[in-house]
Structures are given as structure tokens and as C-alpha cells.
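below are the sequence and a predicted model for it; my questions follow.
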Amino acid sequence: MTFEELNIIPSILKAIKEKGYINPTQIQEEAIPVVLAKKDVLGCAQTGTGKTASYAIPVIQLLQLETAAEKRNGIKALILAPTRELALQISECIDDYAKYTRIKHGVIFGGVKQQPQNEMLRRGVDILVATPGRLLDMMNQGCIKLNQIRYLVLDEADRMLDMGFIHDIKKILSKLPVNRQTLLFSATMPGAILSLTKSILKKPVNINVTPQYSPVETIEQLVYFVEKKDKNSLLISILQKAENQSVLVFSRTKHNANKIVRKLGIAGIASEALHGNKSQTSRQNALSNFKSGKTRVIVATDIASRGIDINELPMVINYDLPDVAETYIHRVGRTGRAGNTGTAVTFCSQDERKLVENIQKLMGKKMNKKMFPAKQKTV
Ligand code: AMP
């Protein structure tokens, strides 16, 4: 299947070619025709499947064709995302896909000054990408009108619920026109999401691209059984062997992320921490240094890692295990993206063994086991 066969208009096809995409991914193949046919979508897809383009491309196309026929100003499409990193990442994708169209877009999120966002809105946008908290603030101040919304996208809906945005989302939804197309994407489908979908989606087409709980097949998954006190030595030895590779290390807490960065520094390995206590600017700098290859190692907490979108990230290391097994799937989904291979290494201390069992049960798959330090052979 090609993008041409999905009836994408030439101005977007040109941008897709420039991105270097050859063929649509599975979710794009399934979702693009459904969105273009103006149907609601309930998409169950993990990150790395190409889901952003699966909604962004057809929404840009529909708007481009509609705005040719009318000149009404106002925000026509709203994309809600849980974190500023993800919101920025979506906005960057729209930048790329819409560059040869008339479609204007903007992004708003908290933690930064509102003034430039007000000015951007005053100039006018067709598509607005937003995190729920800042959007609601600005709606309450009367800076944003959503009465012309025709397309609503909820991205990473499970994450938005996890982060406690449900009330904000309900308030936002109550201000949107009922007559609209709604697309909801979520990596997992817990009960709370299903009940939300019942109230906001109209006869949605279900799109489920990968079995709910299996990480991408191209990821090699290793688990090292290691004592807590040896985790730093193990990390250093893996990073030294993986010379020149970009590696994303996960830490459950911000405090531990800072500590790991310090220990790596002592061992002569430069790294940067990415977590919620860092300012927006330092998070963006850390991310762009990582993307450009200037920083080889990033130590991130789960929420901060959400916006990390790097093609060909070869390795992810779980320095410690997340409490919730699904989070493991999100973490390892950072590697092996868009058909590339990847390695996910997990450090498991004695008290974390149960968590590894839970993850393996959830995936229906075992990780390859290793010991650190490696057992000495007896002669
Ligand atoms: P997403 O699941 O939207 O976070 O996308 C994961 C990664 O796949 C991003 O880096 C995209 O740029 C990339 N990608 C999306 N669609 C395609 C495609 N059709 N071919 C190759 N790469 C793609």
C-alpha cells in the first residue's frame, strides 16, 4: 500500500516524501481512510506505530479541502495531549505534514509564559494542540473559543486519565460543538477509557493495530538479575560497551535520575536528566541535545519520557522497574520504532522479581535472563 493509494492530496504527499516515509504503517493504512470518510475512531495503539500521522495527515487534508471553500476564521481542530513534550512533538509533526498546505497550527501548554500563546491565537490557527490544564485556563480567561471545532483528537487518553485530567477534559468537552468528528487514541483500554468513549464517540470504528500488551516484536528484551548496590556498575559497563549509541535510561524517581547522572559523570560518561522538576527550557535543551546526538545518554522519569520521539533509538535501559506493568510496555516502546530493531535491558533486584513476573504475564512472553556479575565458571 502507498500513501497515493490512501488518496492523500499532492501538497501533503510532497511533505510525506520529504520526511522519508516510503509506505504507510499499519495504523495509518487503517485509520486514514476512516478519518477521511468522516467517521469517529477508537484507536488502540502503542507509541512508535505511527499513530500521530494516522490522525494528523487526514485532519490536515480535510481542513485544507474545507478551507478552500470557505474563509471563516477560528480553531477548527483541537488535539489534546497529556504532556507538553507530547504536545510539542505532535506540533512538530503537523509542522512537517502541513508545510505545503494553507493550514496554520499552534500549540499551548503550561509551565511557560502565556503571552506568546495569546499572540499566536490572536493571529489565528486552524489546528490547536493543547494540554488540558493550560487550555482550560485560557478558556476560562476568555482567550480561546472552541465553538467552531469540527475535529477533536484525544491522544494518549489513558495517560491523561492517569495524570488526573479527567475533570478538565469533561469541562473542555462540554464547551465543544456536539456536531464534530472525534478520534480517541490510547495505548491501553482500561474501564475508565471505555466509559469515556461511550459518552463521546459516535459509532466509532475500532482500530487495534497491535495486541494490547505486546511490545514491538523487533525489540530484544533482556533482564539482568543484579543486586541493588551493583546497578551502577552494571549500567556503566553496558554504556561503555554500547559506545556511541544513544541510550535512554529510565528511573522511577526524579531523585534517583539525578543520582544516576552524577554517578555516570564520575565514571566519565556524560548524561542529562529529564524530569518534571527541570524547567521547560532545560527539558527542551536536554531533548534537543539528545536528538542531535550531542548527549548520548538521557536519564528520564516515565512522565518526562513521554515526549521522546527519536527514530532508531537503539537501546532502552530500565534502571529500576515501574510499579505498573503497562508502564514497562511504554518504556520499551521507545526503541524498535517504525520497523527498526532495538534492545530493552531491565535491571531487576531481588525485591523487583515479582514485577518482572507480572510484566512477562502481561506480555505473554519471557525476557532473556542474565546475571550480573556473571557467574564464575567452576573448574
Ligand atoms: P508515533 O507512533 O506517531 O510516535 O511515530 C513513531 C515514529 O515513526 C515517528 O518518529 C515518526 O516520524 C515515524 N513514522 C511515522 N509514520 C511513518 C511511516 N509511514 N514510515 C516511517 N516512519 C514513520
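Structure received.

can you tell me what sits against the lowest-mean-pLDDT helix or strand in the chain?
When the helices and strands of the chain are compared on mean pLDDT, DSSP states H and E, helix 302-305 comes out lowest with a mean of 74. Identification of contacts with helix 302-305 by CB atoms under 8 Å, 6 or more residues apart in numbering yields 83, 85, 163, 248, 250, 252, 274-276, 278, 283, 322, 327, 330-331, 334. Bear in mind the C-beta positions are built from the backbone N, C-alpha and C, glycine included.

so how far is that helix off the chain centroid?
From the chain centre to the centre of helix 302-305 is a distance of 9 Å (CA atoms, centre = their mean, to the nearest Å).

ok, now stretch 39-53?
11 Å.

remind me, longest helix of the chain?
For the chain, the longest helix by residue count, based on DSSP state H, is helix 51-69.

ok, residues contacting stretch 184-201?
Here stretch 184-201 makes contact (CB under 8 Å, 6+ apart) with 40-47, 51, 55, 153-159, 161, 166, 169, 173, 182, 204, 212-213, 326, 329-330, 333.

show me those residues that map onto helices.
Restricting these to those inside helices, with DSSP H as the criterion, leaves 51, 55, 157, 158, 159, 161, 166, 169, 173, 326, 329, 330.

that older thread, how about the longest helix of the chain and the ligand, touching?
Yes. Using CB under 6 Å from any ligand atom as the criterion, contacts between helix 51-69 and the ligand involve 51, 52, 53.

ok, of these, which one's closest to the ligand?
Closest approach to the ligand among the residues of helix 51-69 next to the ligand (CB to the nearest ligand atom): residue 52, at 3.2 Å.

tell me the pLDDT at that closest one?
Among the per-residue scores, residue 52 holds a pLDDT of 94.

surely it and residue 92 touch.
No. Taking CB atoms under 8 Å as the contact criterion, residue 52 and residue 92 are not neighbours in contact, 9.4 Å apart.

between these two, which has more neighbouring residues?
residue 52 (24 against 15; other CB atoms under 10 Å).

which SSE is immediately downstream of the host helix or strand of residue 354?
Taking DSSP states H and E as the criterion, residue 354 maps to helix 353-363. Secondary structure here is assigned by DSSP H and E; on that basis, the next helix or strand after helix 353-363 toward the C-terminus is strand 368-371.

can you list the strands that that following strand pairs with?
The sheet places strand 368-371 alongside strand 219-225 (parallel), with pairing taken from DSSP bridges.

tell me which residues of the following helix or strand past the strand it pairs with come out buried.
Toward the C-terminal end, the helix or strand that comes next after strand 219-225 (DSSP H and E) is helix 231-241. Neighbour-count burial for helix 231-241, with 16 or more other CB atoms under 10 Å as criterion, is recorded at 231, 232, 234, 235, 236, 238, 239.

narrow the contacts of stretch 184-201 to just the buried residues.
Counted by 16+ other CB under 10 Å, the contacts of stretch 184-201 give 40-47, 51, 55, 153-159, 161, 169, 173, 182, 204, 213, 326, 329-330, 333 as buried.

residue 359: what's it in contact with?
Listed by CB under 8 Å, 6+ apart, the contact partners of residue 359 are 321, 325, 328, 367.

could you redo the last one with a cut-off of 7 Å?
Shown here is residue 359, whose contacts under the criterion CB atoms under 7 Å, 6 or more residues apart in numbering are 325, 328.

and the strands in this structure?
When secondary structure is read from DSSP state E, the chain shows strands at 41-44, 77-80, 105-108, 127-130, 151-154, 181-186, 205-208, 219-225, 247-250, 271-274, 297-300, 315-318, 342-348, 368-371.

residues in contact with the second one?
For strand 77-80, the surrounding residues in contact (CB under 7 Å, 6+ apart) are 59, 63, 90, 126-130, 132, 146, 149-155, 160, 169.

how does it look with 6 Å?
Counting by CB atoms under 6 Å, 6 or more residues apart in numbering, strand 77-80 makes contact with 59, 90, 127, 128, 129, 132, 149, 151, 152, 153, 154, all of which sit outside it.

tell me which two in those residues are the farthest apart.
Using CB to CB, the contacts of strand 77-80 reach their maximum pairwise distance at 59 and 132, which is 18.9 Å.

before we move on, back to that, distance between the longest helix of the chain and the chain's centre?
With CA atoms, centre = their mean as the basis, helix 51-69 stands 20 Å off its chain's centre.

list the helices and strands it packs on?
Using 3 or more CB pairs under 6 Å, 6 or more residues apart in numbering; DSSP states H and E as the contact criterion, the secondary-structure elements in contact with helix 51-69 are helix 26-36, helix 84-97.

just the C-alpha atoms of it, please, in CSV.
Extracted in CSV, the C-alpha atoms of helix 51-69 (Å, rounded to 0.1, in the frame of the first residue of the first chain):
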residue,chain,number,x,y,z
LYS,A,51,-0.3,7.0,15.2
THR,A,52,0.4,10.7,15.2
ALA,A,53,0.4,10.8,11.4
SER,A,54,-2.6,8.5,11.3
TYR,A,55,-4.8,11.3,12.6
ALA,A,56,-2.7,14.4,11.7
ILE,A,57,-2.5,13.7,8.0
PRO,A,58,-6.2,13.2,7.3
VAL,A,59,-7.3,16.0,9.6
ILE,A,60,-4.9,18.4,7.8
GLN,A,61,-6.3,17.1,4.5
LEU,A,62,-9.9,17.6,5.4
LEU,A,63,-9.3,21.1,6.7
GLN,A,64,-7.3,22.0,3.6
LEU,A,65,-10.1,20.9,1.3
GLU,A,66,-12.7,22.7,3.5
THR,A,67,-10.9,25.9,3.9
ALA,A,68,-10.6,26.2,0.1
ALA,A,69,-14.3,26.5,0.1
